[in-house]
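> got a sequence here, can you model it:
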Amino acid sequence: MDLKERLDKILTGSGVASRSEAKKLIRDGRVMVDGKPVQSPEEKIDRENSEVRFDGELIDISRFRYFIMNKPAGVLSVTEDRKQQTVLDLLSVRDRNLGLFPVGRLDKDTEGLLLLTNDGDFSHKIISPSSAISKVYYAEVDGIPNDDDVKAFSEGLMLGDGTRCLPARLELKEDCSCLVTVFEGKYHQVKRMLASRGKPVRVLKRLSVGGLILPEDLKSGEYRELDNSELCKIFNGN
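Numbering: from 1, shown residues only. All right, here's what the predicted structure looks like:
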């Protein structure tokens, strides 16, 4: 089985340029593979074991990419919308060409930790209830959460439309604030759970996914690529 891929396809998938632009860059001698110039777009290389540079800059040619974003309120967690700003609009031009999509969704007015990837299997594993990966949210609500709410969350809530939520954690903070930990990702889940207890949400921010915590130095609207140790934290920190 031939595991090598065309150089122009790899450059395109790495966000460097469109397919037609990549062909021209290669033919112009601006792309080097393992220290040698390559001028044939059809040249096949081993993605896993080759070093590719464009104008001297080392290019990440990994098949799958993983990013963390501190999503601001007011931005949609979708790949495209004709009228409203989406999380992909916050990416650089190069990263926008990687084929990234949000792992699950945060509501438009919810902020905090959002994962972006082009790996469908990874995304499915994160959002699948069978994986039981925790998601922790900070919430400010109308009213004051109490011990009865804590007990109700721990037993699993039945929402007004008949939706059954798995047992979750509710940690009381000061006055009208709390931390909510869920292990699934139903539609508007945290908001609906708190509203079912008479505590409608005013502010909601996701703080962590699994053992990956939103970095304090990642400002609202900023994002960066995850390293391998951070990826492992997602699955080893519940």
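
> neighbours of Ile26, just the number please.
Neighbour count for Ile26, taken as other C-beta atoms under 10 Å: 24. For the C-beta atoms, the positions are set from N, CA and C on the backbone; glycine is no exception.

> what's the domain layout of the protein?
5-59, 66-128+220-225, 134-209 (automatic domain parsing).

> what are the ranges of the helices in this structure?
Using DSSP state H, the helices of the chain run over 7-13, 19-27, 93-96, 120-127, 147-155, 189-196, 228-235.

> which elements pack onto the last one?
Here helix 228-235 touches strand 212-213, going by 3 or more C-beta pairs under 8 Å, 6 or more residues apart in numbering; DSSP states H and E.

> what lies in contact with stretch 26-34?
7-8, 11, 25, 37-41, 43, 45, 50-55 (C-beta atoms under 8 Å, 6 or more residues apart in numbering).

> weed out the non-buried ones from those residues.
Leu7, Asp8, Leu11, Leu25, Val38, Pro41, Glu43, Ile45, Val52, Phe54 (16 or more other C-beta atoms under 10 Å).

> check the residue lying closest to Gly35 once chain neighbours are set aside and give its pLDDT.
Nearest residue to Gly35, sequence neighbours excluded (C-beta to C-beta, 6 or more residues apart in numbering): Glu51, at 7.4 Å. For Glu51, the pLDDT comes out at 94.

> any idea how far Glu51 is from Asp119?
Distance from Glu51 to Asp119, counting by C-beta to C-beta, to the nearest Å: 22 Å.

> also Lys135?
Distance, Lys135 to Asp119, by C-beta to C-beta: 18 Å.

> and what of Leu100?
As judged by C-beta to C-beta, Leu100 and Asp119 stand 10 Å apart.

> those two: who's more crowded?
Leu100 (23 against 17).

> burial count for the residue found closest to that one once you drop the neighbours it is linked to in the chain?
For Leu100, ignoring the flanking residues on the chain, the nearest one in space by C-beta to C-beta, 6+ apart is Leu116 at 4.5 Å. For Leu116, the neighbour count with other C-beta under 10 Å is 26.

> which strand residues bridge Leu116?
Phe67, Pro102 (DSSP bridges).

> and for Val141?
Going by DSSP bridges, Val141 forms beta bridges with Val201.

> quick check, it in contact with Cys178.
Yes - Val141 lies in contact with Cys178 (C-beta atoms under 8 Å); the separation is 7.0 Å.

> find residues that contact each of the two.
Residues touching both Val141 and Cys178 by C-beta under 8 Å, 6+ apart: Leu194.

> roughly how far does the residue nearest to Gly35 sit from Gly13?
From Glu51 to Gly13 the distance is 16 Å (C-beta to C-beta).
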